[in-house]
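**Q** quick one, fold the following:
(chains A and B)
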Amino acid sequence: MALRFYNTLTQQVEPFSTRDNVVRMYSCGPTVYNFAHIGNFRSFVFPDMLRRWLRARGFTLNHVMNITDIDDKIIRNANAAGKSINEFTEVYTKAFLEDTAALRIERPEHITPATAHIPEMVEAVEQLTKAGHTYVSDGSVYYRIATFPGYGKLSHNDFSGIRAGARVDNDEYDKDDARDFVLWKAAKEGEPAWDTSIGNGRPGWHIECSAMAMKYLGEQLDIHTGGVDLTFPHHENEIAQAEGISGKQFVRFWLHAEHLSVESQKMSKSLGNIYTLRDIQEKGYTPEALRYLLGSVPYRKKLNFTFDGLKAAMTSIERLRNYELRLKTSHFPEGTNDALETRAQTAVKAFDEAMDDDLNTAEALAAVYEYVRDTNSAMDSGEFKAGNVAGALAFLARFDSIFDVLKPTVKAGSLSDAEVETLIAERTSAKKNKDFARADGIRKELLEQGVILEDTKEGVRWKRA
RNA sequence: GGCGCGGUAGCCAAGUGGUAAGGCAGAGGUCUGCAAAACCUUUAUUCGUCGGUUCGACUCCGAUCCGCGCCUCCA
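**A** Here you go, the predicted structure:
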């Protein structure tokens, strides 16, 4: 079966293709008012694995991610911290880029802040006005949803119960209809503002994504991703904006990542269970363990984050790394076992088919582990031959091109390889002289430096923790 | 109230109208100076509950219980 994804728009799994092999993809990025938490990272690991899989399937990517660096929360928090908006957002933008790099999330082709696109947003609002979709109230520009009949088609909400024209006054702004939303907010005392042709003010939250997506990707996108909570109203509003301007279908595939819970509870400040990558690392877990855990549960399924699960992820990665090390350092008998070559092909096929099936990473992992178990067994029994190494490593590489967890995160200030080798040589001679105390001493010393030794039939093997 | 999702072993979780993937943890074993790694065996007669359809359902239908998300800012 071909590559297919669940599309929120149609509520069905649909075959995926593009008209020219380029995937125009947009992902809603972070709002930089704080450090991103593990829940945020799930919705960024997802498009990363999606990108990698699309590339594995021969597509070229043109992927855009915004960084929301102007919004109510930012203004509030920056004021509370006594900082300018720029000073404030700079800190968290930098942290976001560092964290995503540590999690091996690839940089999209375009990752760029909202405030660098004020002219594009203003132009978008002007075009909406020209098309008759807006009105002005107290200096702010609003989208009049009554002019956009398709509203609700993404979130599958029926808005017929809400009477158009009903005055909603529980908002700080005056809207004509509960569904209407602000495109451009009139300047307020103590808030940043841009003096533009549509007034002195700042952009509403929704317009940035439409404006940036259309600037870099054109009027029609192949894929748009985001967290499930963004389906309504954010993505619904993006559709109203983009389609209100172009008159064309904005996005073909809407892919939404489910949320995660923490120890079966919703993340919340009061529960104190909002973890950042820094929190995770302080507890001794590696970024790649978090990446593995976040990626191991299919993206449309709620993921229950637990520290047991994170531990399990560490162990699982360790096993795969040991397997890779074994492939690279062991001496296998000459020749090629044809049955095992076929087994490798079967594994690749199973992995690919699982990924094609709406990115079923859990099943893809099962294909990996079944293959690892089978080949480990074959190595023990001597059936695995030197000629089978390449096929095994190729499969492992395919897995890692998506999951990207095999390479250890190297810590600064570690022993050099040469220093490690010297100590190992010393230990080997101590062992020959039956000076096990000295040998164990060296092993312990290296362990403290983050180097793990393993004695095998073919000599000492080592790796970094 | 509207829309939507989920309940599978100790934990995390795949899956299919034909008799339960995988990972982690646990137990026993092989190997080993010790350790590590690896491998083998073992761990759900059962898939929230109750009915129905069927030769046969965890998988389809109905009901029901429980948990969760969105409908306002939220990944």
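
**Q** assign a three-state SS to A:F88, would you?
**A** Following DSSP: H, G, I helix; E, B strand; the rest coil, A:F88 is assigned to helix.

**Q** just the pLDDT for it.
**A** Looking at A:F88, its pLDDT is 95.

**Q** just A:V64 next, same as before
**A** 97.

**Q** ok but it is inside a strand, no?
**A** Yes - checked against three-state DSSP, A:V64 lies within a strand.

**Q** how far away is it from A:S43?
**A** 15 Å (Cβ to Cβ, to the nearest Å). No exception for glycine: its C-beta is placed from N, CA and C like everyone else's.

**Q** likewise for A:L396?
**A** In terms of Cβ to Cβ, A:L396 sits 27 Å off from A:S43.

**Q** higher neighbour count, the two?
**A** A:S43 (26 against 21; other Cβ atoms under 10 Å).

**Q** just the helices in the stretch 101-250 of chain A please.
**A** Taking DSSP state H, counting those that start in this stretch to define them, one finds helices in the stretch 101-250 of chain A at A:118-130, A:207-217, A:236-246.

**Q** what about the residue of the stretch 101-250 of chain A found nearest RNA strand B, neighbour count?
**A** In the stretch 101-250 of chain A, the residue found nearest to RNA strand B is A:G227; the distance is 1.5 Å by Cβ to the nearest atom of the strand. For A:G227, the neighbour count with other Cβ under 10 Å is 18.

**Q** now do the contacts for it.
**A** A:28, A:39, A:43, A:256-257, A:259 (Cβ atoms under 8 Å, 6 or more residues apart in numbering).

**Q** could you flag which of these are buried?
**A** A:28, A:39, A:43, A:256-257 (16 or more other Cβ atoms under 10 Å).

**Q** which of those residues fall within helices?
**A** A:39, A:43 (DSSP state H).

**Q** now, which of the buried ones among the contacts of A:G227 lie close to RNA strand B?
**A** By Cβ under 7 Å from any atom of the strand, the members of those lying near RNA strand B are A:28, A:39, A:43, A:257.

**Q** which of those sits closest to A:T428?
**A** A:G39 (48.2 Å; Cβ to Cβ).

**Q** measure the closest one to A:V451 for me?
**A** For A:G39 relative to A:V451 (Cβ to Cβ), the value is 35 Å.

**Q** for A:A344, same thing?
**A** Relative to A:V451, and taking Cβ to Cβ, A:A344 is found at 31 Å.

**Q** ditto for A:A425
**A** On the measure of Cβ to Cβ, A:A425 and A:V451 end up 14 Å apart.

**Q** swap in A:F232?
**A** A:F232 is 52 Å from A:V451, by Cβ to Cβ.

**Q** for A:K463, same thing?
**A** 7 Å.

**Q** and stretch A:72-80, which residues are buried?
**A** A:74-75, A:77-78.

**Q** ok, now stretch A:215-223?
**A** A:215-217, A:220-223.

**Q** quick check: residues of the stretch 201-350 of chain A near RNA strand B?
**A** Close to RNA strand B, as judged by Cβ under 7 Å from any atom of the strand, the stretch 201-350 of chain A has residues A:205, A:226-234, A:257-261, A:264, A:266-267, A:296-298, A:301-304, A:306, A:308-309, A:311-312, A:315-316, A:318-319, A:322-323, A:326.

**Q** A:T456 contacts A:L325, doesn't it?
**A** No - using Cβ atoms under 8 Å, A:T456 is not in contact with A:L325, being 9.9 Å away.

**Q** so those two - more neighbours on which side?
**A** When A:T456 and A:L325 are compared for neighbours, A:L325 comes out ahead with 16 against 11, by other Cβ under 10 Å.

**Q** show me what the mean pLDDT comes to for the host helix or strand of that one.
**A** Using DSSP states H and E, A:L325 falls within helix A:307-329. For helix A:307-329, the mean pLDDT works out to 91.

**Q** what's the spacing between it and its chain's center?
**A** Here the centre of helix A:307-329 is set off from its chain's centre by 21 Å, with Cα atoms, centre = their mean, to the nearest Å.

**Q** what does stretch A:50-57 give?
**A** 13 Å.

**Q** low-confidence bits of chain A, can you list those?
**A** A:160-174, A:412 (pLDDT under 70).

**Q** care to break it down by domain?
**A** Using automatic domain parsing, the domains assigned to chain A come out as A:4-257, A:277-403, A:417-464.

**Q** now distance to A:K411 too, for the ones you listed, in TSV please.
**A** As requested, the domains of chain A are exported to TSV (distance: least, Cβ to Cβ, whole Å):
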stretch	distance to A:K411
domain A:4-257	12
domain A:277-403	10
domain A:417-464	7
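
**Q** before we move on, the earlier item: who's more crowded, A:F232 and A:V451?
**A** Of the pair A:F232 and A:V451, A:V451 is the one with more neighbours under other Cβ under 10 Å, namely 20 against 14.

**Q** quick check: that one touching A:L415?
**A** Yes - counting by Cβ under 8 Å, A:L415 is a contact partner of A:V451 at 6.5 Å.

**Q** from RNA strand B, how far out is A:A378?
**A** 9 Å (Cβ to the nearest atom of the strand, to the nearest Å).

**Q** can I take it that that residue is in a helix?
**A** Yes - assessed by three-state DSSP, A:A378 belongs to a helix.

**Q** for the nearest residue to it once chain neighbours are set aside, give me its contacts.
**A** Excluding its sequence neighbours, the residue lying closest to A:A378 (Cβ to Cβ, 6 or more residues apart in numbering) is A:F384, at 4.0 Å. For A:F384, the contacting residues are A:332, A:337, A:340, A:375, A:378, by Cβ under 8 Å, 6+ apart.
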